[in-house]
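Q: Next input, structure requested:
(2 chains)
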Amino acid sequence: MAGNGADIKEFLEFVYGFYRSMNEHKVQLAYEGEITHQITKAFTSLTETTMELEEESHSTQKKVFHVMVECLQNVGKHAEVIDPNEIRKDGKGIFLLCKNEGEYTITTGNILNKTRTHEMTEVLEKVNSLDKEGLKQLYKQQIKEGRLSNKGGAGLGFIDIAKKTGNKLFYNFLPIDDEFSFFVLTSKISR
Amino acid sequence: MEVIKIVGTDDTPSVTLDVANEIFEVSGRSLPEDVASFYEPILDWLERYSDEAAAKTVFNFKLVYFNTASSKMLLDILLKLEEMYESGKDVLIRWHFPEDDEDMEEAGEEYADIVEVPFEQISYAMD
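A: Here you go, the predicted model:
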């Protein structure tokens, strides 16, 4: 930030606007950066403590914990690392936990190569088309047939989130340039 | 055979594999940073154990949470036990779940559907 007054004034206004936006969308936790295992542990532990203090039901607490882990690990394992000099291996992205009257929403956003949009859309649409029984069947099929990827993913994350929350997954691919999109995924957990 | 005794942490389960005392158990939380390297020694141990298995192997799962990456490794453990059962060994899986945890109960039902091995579901009260 340059030291001139106009820039600082603008920045301070940005901070206030940011604060208001967070309040408006009931954001409890927001993060942008590398999603490491340490981050996943810290965020889930912080959220558990908060929910316990707020006397959230155990079943909701468990679901929020579950979905947070799967979402954070998705970004850590699958987000595109664009910088060719990037030495650290964990993916970067944005994470938001919002608490509304009737539900928690857990949102992640990360950069993805456009070549992956098609298969991801297929998987997400498939998951969204299934009812509870259908999701159970798909889960069993995937756990039997799927192999653990070299990144340690089992290809079960989206199925598991839909199964545990009983809600559809909301998502979008926002264009960045010819090569990359910004993938946003929101899961809702009813309270 | 050597005893495996792993003390659980907030992201890895407690594991006891002890032939002499007939204790075979995985319990707690499972979301290790590297699931494959955490479960590899356990799967290796079971592979070696399967040849000289005790008269009866009662394997207890008493997990409160596991992520999807771990779920795949848990299935690998169950598949090893299924192999043992199919080769004529006496094997019983006991799947313990907190009485108010439908998801953990359901996870047990799903595993029971997948593997062909005697499988008991046991609910317990959380203190």
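Q: what about A:Glu48, distance to B:Trp95?
A: Noted for A:Glu48: a distance of 24 Å to B:Trp95, by C-beta to C-beta, to the nearest Å. Using the backbone N, CA and C atoms, a C-beta is placed for each residue, glycine as well.
Q: Those two: which is more packed in?
A: B:Trp95 (22 against 16; other C-beta atoms under 10 Å in any protein chain shown).
Q: Could you confirm the more buried one falls within a strand?
A: Yes: under DSSP: H, G, I helix; E, B strand; the rest coil, B:Trp95 falls within a strand.
Q: ok, it - contacts?
A: Taking C-beta atoms under 8 Å, 6 or more residues apart in numbering or on different chains, we find B:Trp95 in contact with B:61, B:108, B:111-112, B:119-122.
Q: Also A:Val184?
A: A:107-109, A:171-174.
Q: For it, name its beta-bridge partners.
A: Note on A:Val184: beta-bridge partners A:Gly109, A:Asn172, judged by DSSP bridges.
Q: On the pLDDT front, check it for me.
A: A:Val184 carries a pLDDT value of 97.
Q: can you check A:Leu112 too?
A: 91.
Q: what's the answer for B:Lys56, then?
A: 89.
Q: At the contact with chain A, which residues of chain B appear?
A: Contact residues (C-beta under 8 Å from any C-beta of the partner chain) of chain B with chain A: B:10-11, B:31, B:33-36, B:65, B:67-69, B:71-73, B:75, B:100-103, B:106, B:110, B:113-114.
Q: can you pull out the strands in chain A?
A: A:27-34, A:92-99, A:103-113, A:170-175, A:180-190 (DSSP state E).
Q: could you show me where the strands are in chain B, in order?
A: Taking DSSP E to define them, one finds strands in chain B at B:4-6, B:14-18, B:23-30, B:56-66, B:90-98, B:119-124.
Q: so which of these comes closest to A:Met68?
A: strand B:56-66 (11.5 Å; C-beta to C-beta).
Q: Just checking: what are the partner strands of that closest one?
A: strand B:23-30 (parallel), strand B:90-98 (parallel).
Q: can you redo those strands as a markdown table with mean pLDDT?
A: Compiled in a markdown table, these are given as follows (pLDDT from 0 to 100):
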| stretch | mean pLDDT |
| --- | --- |
| strand B:23-30 | 97 |
| strand B:90-98 | 97 |
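Q: Could you point out which of those strands sits nearest B:Leu43?
A: strand B:23-30 (11.7 Å).
Q: Show me what counts as buried in that closest one.
A: Using 16 or more other C-beta atoms under 10 Å in any protein chain shown as the test for burial, strand B:23-30 gives B:24-30.
Q: hmm, back to that, include distance to B:Ser87 when you put the strands of chain A into a markdown table, please.
A: Shown next, in a markdown table, are these (distance: least, C-beta to C-beta, whole Å):
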| stretch | distance to B:Ser87 |
| --- | --- |
| strand A:27-34 | 46 |
| strand A:92-99 | 46 |
| strand A:103-113 | 44 |
| strand A:170-175 | 46 |
| strand A:180-190 | 43 |
